[in-house]
Structures are given as structure tokens and as C-alpha cells.
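Engineer: Here is my input; please provide its structure:
(chains A, B, C and D)
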2 protein chains.
Amino acid sequence: MTGKLSDRNQEVLQAIVQHYIVTAEPVGSRTLEKTFNLGISSATIRNVMADLEELGLIEQPHTSAGRIPTDKGYRYYVDYLMMIQRLTVDEKECIQDEYQAKINELDRVLRGTSKILSLLSKQTGVVIAPNIVDSRCQNLQLIRLTSKKILMVTVTYAGLVKNNIIYIDKDLSQEILNDFSREINKKIIGVSLGEAKKIIAKELQRKKREFLAMSELARKMISEISLPLEERQLFLDGSTNIIDNPEFHYADKIKKIFTTLYEKKTLIDIMNNCLTDSGNGVNVVIGEENPYETMKNCSLVTAIYKIDDKPMGALGIIGPTRMPYDKMVSIVDFTAKFINNLLRKMP
Amino acid sequence: MTGKLSDRNQEVLQAIVQHYIVTAEPVGSRTLEKTFNLGISSATIRNVMADLEELGLIEQPHTSAGRIPTDKGYRYYVDYLMMIQRLTVDEKECIQDEYQAKINELDRVLRGTSKILSLLSKQTGVVIAPNIVDSRCQNLQLIRLTSKKILMVTVTYAGLVKNNIIYIDKDLSQEILNDFSREINKKIIGVSLGEAKKIIAKELQRKKREFLAMSELARKMISEISLPLEERQLFLDGSTNIIDNPEFHYADKIKKIFTTLYEKKTLIDIMNNCLTDSGNGVNVVIGEENPYETMKNCSLVTAIYKIDDKPMGALGIIGPTRMPYDKMVSIVDFTAKFINNLLRKMP
DNA sequence: ATTAGCACTCACTCTAAACGAGTGCTAATA
DNA sequence: TATTAGCACTCGTTTAGAGTGAGTGCTAAT
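Structural biologist: Below is the predicted model:
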């Protein structure tokens, strides 16, 4: 990053970013002089602007237009200039209310979170569910549906429920399944599902004789436990808000971004990156910094959430690069902390 | 409906509709003369057009433009003129392949269906899941999670699985829950969930003494079984295809229709109407015929699907009024029949 | 009844001119 | 030496007007 700017240059950059975020119009020197109290004339502002442009922090869409921030400019703003806005009482209450409303399973918590994120930010809210394989197992039950069909229900401590249907050749009574479930539960409670898989496999080896009748079932259970990444749940809300932004007033742009958003695979990938990238706080990815072509005129503000103090999923806001970062950061931050708390209490 | 048209008038109408569906441009008399072999001159075509306009079947966007079909015109076309297109071998295979791929639960069948509908139609595919309350119960199990938390799993014959978490004050062991599950299952297997609710309630009355310990649980089970309408599952795919249509090239129109599509409540309502409206075949709702304001420049092609020969849900295609109805009808028809068949075989 | 021909309409396109927001540079100023 | 006022210049946008052409409706001839 270019060394720190002089105070005055910072002030001008800040003014440009803030004004542009609101108006979405290139901002000129006279406008700045009038609307902000910078204490310098438009001519001086022009000189400063020339400097900032040389540093690549702002640019002109065309010769006789005002300046707009570049991605690098936003980055500087986010890193050094913005004041984290505190949420209003109303906004905080809005978040708290959302979770008050008899929400209890993780699934619903996450669904509600993406909703609340989009509501507060007026942008697109997104939440990625934990990879269930990493979650600690609370219970595993087998339910006989027909002579050939068994339902396996897995519940994690976080409250994630997974259903798998298993087809077997041998008819097993519910009583046998109950015994088997109890047996397995003893071994795997508190273990991650990934581990549980191994334990079942080992058990299958060791107790071959007793398990014999079950071996087919056990094998199939093991293969069902692994959930491919692409099926990982993603909650998306408020995507239509994107259309309100003037930068997305053209059908082709809308098409592009919507296709990306609803191509769940890409979005899951993106959110997954956030999971590893961001430390504990809020992570901001601006425009071109984004690895995905179709997202290059979007910014992401994300944070991770934890279960049992282990990072499990990510949540965030997607919007145009021109975005009130200060506000977004505080919304994401507050929400992440809130559901971290909630998930700690949940079981 | 206006009485039947003369053969020649029909031919002209048909030509107009077909041409407009492809080009999305108002079609003039000379164009018709050249591209269709109607055997009459443009002047005569103009006369016919004047008649059709008087009947409200076509209209001019402005004085010196060609004609475009009105909703009434499309309606006449759909009712009397269009030839149902047979699907190509490729298309049929596409549908069959989709269901070959180890899909077994209803949930996945429906998800796949909306996907395949959008893929073949290049429009938006939509499927509404059965209201679980109407479905026949195959199994109900209770799983103890913690001392205060019980998971209720309900499975219907169609393969629909529902999870509810119940909070109770009294700690009940898994063994007790197993017994209770077995007891209840005996009574309610094969009964609709709506009925099952009543049966549990009655049982609760009758066996008050034995059930006593369970009464809290039973009461809570009953209240959980009812699923509010808005939670009814809806599968939507290919909504971004809408943007490709020239009539949706303006951001505000896109916004409007997307908001409706993702406001699940409205869409569920719409699909619900289709369930009652359409008889056995394919139902077409054109533009203004649609009760919902925001859908008035869209058409719907829908059909219902059955489980145990009872209409359970609906599936269909959403697109602009200018839509190749013949193709759409055959896609919807074939798909509906296909999954009807599939659902009959499934259990 | 059909058709050829013609006058008329009106959205769209193209061009040129006027406009104005904004810049960069220079000379004057504190 | 840093700042500012002033001015010439740039270039996207707006506006008005002429021209174009697809298409119509009407009328007279076939």
C-alpha cells in the first residue's frame, strides 16, 4: 500500500468517497468546496485531486467529469478513513427481534440471518451453513420406512438435522434398528461426523460377527454421511435490492450478477474463501480484489461465525463497490457477534 | 369468447402470433405477405388485420406500427390455433436422464423438476411441494436430543420428511420415546397428517392416565404438525432467463417481476390457484388474466401432479406473455405425466 | 371480393449546435 | 512558497430539426 497520505489529502479523499457513495455521480472540485468544509478553494482541491489520481486512488470517467474512487481508493478509505458507525437503537432492536421470534434450529437461525442482513443493509445478505461433516454429532437414529427403505436422521449439537434415505436388501425391524442406533450413539456422541464415519467403519471391522446382519446397512450409512460440498446450504436474501443501484440499471449487468448469485456453486466458493481469509473481525473485499470475474464490480463485507469456538460458516453482504462500508461493516460485525452468542447458548 | 373466426382470419392471426413470438417486433402486413404463404396480398391482410383489431385480438403500439397480439389474441391462439409440438427425442431424454440420476426423495424430485423445466423452456421453472398436512403418514419417530429437547421426524408415503424440534420440561428417555412412537405409529400409519393430529388428540383424551407423562409432549406434537402455508416449499429455477427477453430489458420491470418471484408468499398463492383451477391437463394463464398486478405481463403454463391419484402440487413455467405456448404446453405436460408416473412407483 | 396505388402517420435515426460541469494551467496574491 | 482567482479548453449530454422508412387506411380499378 502507498504510504500514508497527508491529512489534507486524506480529507479530500474521504469527502470524495462519502459523496460518491451517496450520489453515485462523479464529484467535482466545486461541489466538494461547497458541500464539505475543507477550508481550501476548489483550485487547491483540484491540485490535491491530481495528486490522488496519480496515486491511483481516484479516477475520471472522462476528461471533463469529476472524480470517482477506484477500488484502491475504497480500500484506503476502508483501511484508514472510515469511522465505524454505531448501529441505531432501532437497528439493534431489529436484529434482536428477529432472533426472539421462536427460532431454534440452526437452519432457521441462518435463514433469518440472511434476511436481517439484507433488510438492514438494503443489499444482498448471504449466509453459508456449516459443513455438516465438521459438526459434532448429537444423535443418530435409524427409522424403518418400508422393508427396503430406512431413514437415517443425524442431528448435530448445533441443531443441524440431516436426513438420508438408505435402501437395503434385508428387512430389519424397528427394534433392531433401535438397538443398533443406541449402540452407535454411545460411540459417536460428541464426535464430528467425519470422525463418526471412521468409527462406524472400525466398529464394522471389529464386531464383524454381531454386526453381520447390519454390515450392508453400516456400509451405506458411511457413504451417506459424506455430503458433497455443492450441497452445502446457502441462504440468500434481498438479491433484488441490487437492481436499485444505478450502476446496475442495465439488463446485461443485472443478468451477470444474478447468474453468479444463483449459480450457488460460485457463491459457496466465494463464501468459503472468506471463511479462511478473514480472521476474527470483519473482512472487506472490494471490486477487482475479488477473484471471480463476474463479481468484479461488487464488494463483499463478511464475517465468520463460530460454533463451539470453532469457525464454522460465514455471513455477509454483497453490493456494488460503491457501498456505505462503514455502515455495512457495523451491521455485519454486530450480526456475527450476535449469532455467535446465540450459537454458544443454543444447545 | 367471440365466436369462431373465418379460416382466413384465423390464419392471419396465427401468422401474427407466431411471428411476434419469435421476433418480439410488431408485425406488418407486408412482412406477413412475404414470410407466410397466405395467398393474399398485403392490402387484403390489412383489411383482415383491421377486423382482428376490432375484435380485440391484436393491437397497434402506435399508429404507424405493425400489430402485436393482445392477451385475448394469445388466448384465442392457445385455445384454437396452436399445434401442440411434440418434444424432440433429445428433450425427452433430457427429462428422463434428470430423474435417472439416483433421485429418490420427493424433495429432490421436485427440485430436479423445476431445474429441468427451466432448462428446457429457457424460462423460469416453478414447482410447489405438496402441503404436508394432506400427505399420508408413513412413520413418526421421536428422538431424544437433550433432557429438554426432542426431535420429531415425520415421513410421508411420498417421501416427504419433516423435522420439528419440541421443547419439554420433563426428561423422557429414548426408550420411552420409542414405545410412544410405536404406539402412535400403529394408529396413524396411512392416515393423512391432518387426521393424525386428531387421532393423537383423541388418544390423549382416552388414555389420559397412561399418557399422563406424555401429555405435554403430545400436545406439543399436535401443534407442531400443522405447517403454516407460507412455509410450503417452493422450487424456483432459471429466474435469470427472464432478463433475456427484450420485454424485460428495463431495470424497473426486472425489479418488479423478481420481487414477485422471490416474495414466495405471492408465488405460492399463485401456484395454489393453479392447483384448484386446472383440471387434469395443462392450464394456461395469460397476462391480464392473472389476478396479481405484478404478474400481468407474464404468462403461466401449469399442470398439477398427483400422489396416490390425489392432486398434491403444481408445476409450471413462468415467462413473458410473448411465449412459445405450443412448446411450453408440451414441456409442462410431458414433465407432469412423467413425475406422476414416478410418484406412483416411488414407495 | 381482391388488389394496386397513394397519401399520410409517426417512431426512430442522424446531425449539428448549444450547454455546462469540470479540468489544467497560469498569473496574481498572501 | 503555498494558495487562489481566472480563463481557455474538453467532452459528455441535451435539444431541435430534418430525413427515413415501416406501416397504415382509403379509394379506385380489376
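Engineer: Now the longest helix seen in chain A: buried residues?
Structural biologist: Counting by DSSP state H, the longest helix found in chain A is helix A:325-345. Of the residues in helix A:325-345, A:325-336, A:338-340, A:343 count as buried by neighbour count, 16 or more other C-beta atoms under 10 Å in any protein chain shown. C-beta coordinates here come from the backbone N, C-alpha and C atoms, glycine included.
Engineer: Equivalent analysis for stretch A:75-86, please.
Structural biologist: For stretch A:75-86, burial by neighbour count (16+ other C-beta under 10 Å) applies to A:75-78, A:81-82.
Engineer: same question, stretch A:156-168
Structural biologist: Buried-residue list, stretch A:156-168, by 16+ other C-beta under 10 Å: A:156-166.
Engineer: got it, and stretch A:168-177?
Structural biologist: Result for stretch A:168-177 [16+ other C-beta under 10 Å]: buried residues A:172, A:174, A:176-177.
Engineer: Look at it and report the distance between its end residues.
Structural biologist: 13 Å (C-alpha to C-alpha, to the nearest Å).
Engineer: For DNA strand D, give me its nearest residue in the stretch 151-300 of chain A.
Structural biologist: Residue of the stretch 151-300 of chain A nearest DNA strand D, by C-beta to the nearest atom of the strand: residue A:246 (11.9 Å).
Engineer: for the closest residue to that residue other than its chain neighbours, what are its contacts?
Structural biologist: The spatial neighbour of residue A:246 that comes closest, neighbours along the chain excluded (C-beta to C-beta, 6 or more residues apart in numbering or on different chains), is residue A:24 at 4.8 Å. Applying C-beta atoms under 8 Å, 6 or more residues apart in numbering or on different chains to residue A:24 gives the contacts A:245-247, A:322.
Engineer: Restricted to strands, list these.
Structural biologist: The members of the contacts of residue A:24 all map outside strands under DSSP state E.
Engineer: buried subset of these?
Structural biologist: Applying 16+ other C-beta under 10 Å to these, the neighbour count classes A:245, A:322 as buried.
Engineer: and residue A:250, what does it touch?
Structural biologist: Going by C-beta under 8 Å, 6+ apart, the list of residues near residue A:250 reads residue B:251.
Engineer: Show me what it bridges to in the sheet.
Structural biologist: For residue A:250, the beta-bridge partners are residue B:250 (DSSP bridges).
Engineer: Distance of it relative to DNA strand C?
Structural biologist: 17 Å (C-beta to the nearest atom of the strand, to the nearest Å).
Engineer: and residue A:39, how many neighbours?
Structural biologist: 9 (other C-beta atoms under 10 Å in any protein chain shown).
Engineer: ok, whatever residue of the stretch 101-250 of chain A ends up closest to DNA strand C to residue A:259 distance?
Structural biologist: Residue nearest to DNA strand C within the stretch 101-250 of chain A (C-beta to the nearest atom of the strand): residue A:246, separated by 15.5 Å. Distance of residue A:246 to residue A:259, given as C-beta to C-beta, to the nearest Å: 20 Å.
Engineer: Following the record's annotation, map out the domains of chain A.
Structural biologist: A:7-81, A:89-130+A:232-345, A:133-226 (automatic domain parsing).
Engineer: Show the end-to-end separation of the first one, please.
Structural biologist: If I follow you right, that is domain A:7-81. 11 Å.
Engineer: now do the longest one
Structural biologist: With C-alpha to C-alpha as the measure, domain A:89-130+A:232-345 spans 23 Å from end to end.
Engineer: Which of the buried residues of helix A:325-345 sits closest to DNA strand D?
Structural biologist: Taking the buried residues of helix A:325-345 together and measuring to DNA strand D by C-beta to the nearest atom of the strand, the closest member is residue A:325, at 26.1 Å.
Engineer: these two touch, right, that closest one and residue A:75?
Structural biologist: No: with contacts counted by C-beta atoms under 8 Å, residue A:325 stays clear of residue A:75, the gap being 9.9 Å.
Engineer: Which helix or which strand is home to residue A:95?
Structural biologist: Secondary structure from DSSP states H and E places residue A:95 in helix A:89-100.
Engineer: tell me which strands and helices that helix is in contact with?
Structural biologist: Under the contact definition 3 or more C-beta pairs under 8 Å, 6 or more residues apart in numbering or on different chains; DSSP states H and E, helix A:89-100 sits against helix A:106-121, helix A:325-345.
Engineer: ok, back up a step: with pLDDT added, can I get the buried residues of stretch A:156-168 in a markdown table?
Structural biologist: Formatted as a markdown table, those follow (pLDDT from 0 to 100):
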| residue | pLDDT |
| --- | --- |
| A:156 | 85 |
| A:157 | 83 |
| A:158 | 79 |
| A:159 | 78 |
| A:160 | 79 |
| A:161 | 82 |
| A:162 | 82 |
| A:163 | 83 |
| A:164 | 82 |
| A:165 | 81 |
| A:166 | 83 |
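Engineer: Save these as CSV, and put in distance to residue A:36 and secondary structure too.
Structural biologist: Listed next are the buried residues of stretch A:156-168 as CSV, based on distance: C-beta to C-beta, whole Å; DSSP: H, G, I helix; E, B strand; the rest coil:
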residue, distance to residue A:36, secondary structure
A:156, 52, strand
A:157, 52, coil
A:158, 48, coil
A:159, 50, coil
A:160, 50, coil
A:161, 54, strand
A:162, 55, strand
A:163, 58, strand
A:164, 60, strand
A:165, 63, strand
A:166, 66, strand
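Engineer: Show me which residues of the stretch 201-347 of chain A are close to chain B?
Structural biologist: Counting by C-beta under 8 Å from any C-beta of the partner chain, the stretch 201-347 of chain A comes close to chain B at A:239-240, A:243-244, A:248-251, A:254-255, A:258-259, A:262, A:347.
Engineer: which one is residue A:150 nearest to, not counting chain neighbours?
Structural biologist: Going by C-beta to C-beta, 6+ apart, residue A:150 has residue A:166 as its nearest residue, at 4.7 Å.
Engineer: correct me, but that neighbour touches residue A:221?
Structural biologist: Yes: between residue A:166 and residue A:221 a contact is recorded at 6.5 Å, counting by C-beta under 8 Å.
Engineer: okay, and for chain A, where does confidence drop off?
Structural biologist: Within chain A, the segments meeting pLDDT under 70 span A:1-3, A:101-104, A:207-213, A:226-231, A:278, A:346-347.
Engineer: where exactly do the strands run in the stretch 151-300 of chain A?
Structural biologist: A:161-167, A:234-237, A:283-286, A:298-307 (DSSP state E, counting those that start in this stretch).
Engineer: could you dump the third one to CSV, C-alpha only?
Structural biologist: Extracted in CSV, the C-alpha atoms of strand A:283-286 (Å, rounded to 0.1, in the frame of the first residue of the first chain):
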residue,chain,number,x,y,z
ASN,A,283,-13.4,-8.8,6.1
VAL,A,284,-13.9,-6.5,3.2
VAL,A,285,-13.3,-7.5,-0.4
ILE,A,286,-13.5,-4.6,-2.9
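Engineer: OK, contacts around the nearest residue to residue A:36 once chain neighbours are set aside?
Structural biologist: Of all residues beyond its chain neighbours, the one nearest residue A:36 is residue A:15 (4.4 Å), with distances taken as C-beta to C-beta, 6+ apart. Neighbouring residues of residue A:15 by C-beta under 8 Å, 6+ apart: A:27, A:32, A:35-36, A:38.
Engineer: Disregarding residues adjacent in the polypeptide, which is nearest to residue A:312?
Structural biologist: residue A:130 (3.8 Å).
Engineer: just residue A:193 next, same as before
Structural biologist: Using C-beta to C-beta, 6+ apart, the closest residue to residue A:193 is residue A:133 (5.0 Å).
Engineer: Equivalent analysis for residue A:160, please.
Structural biologist: residue A:106 (5.0 Å).
Engineer: give me the number of residues near the one you found?
Structural biologist: Under the criterion other C-beta under 10 Å, the count of neighbours that residue A:106 has is 26.
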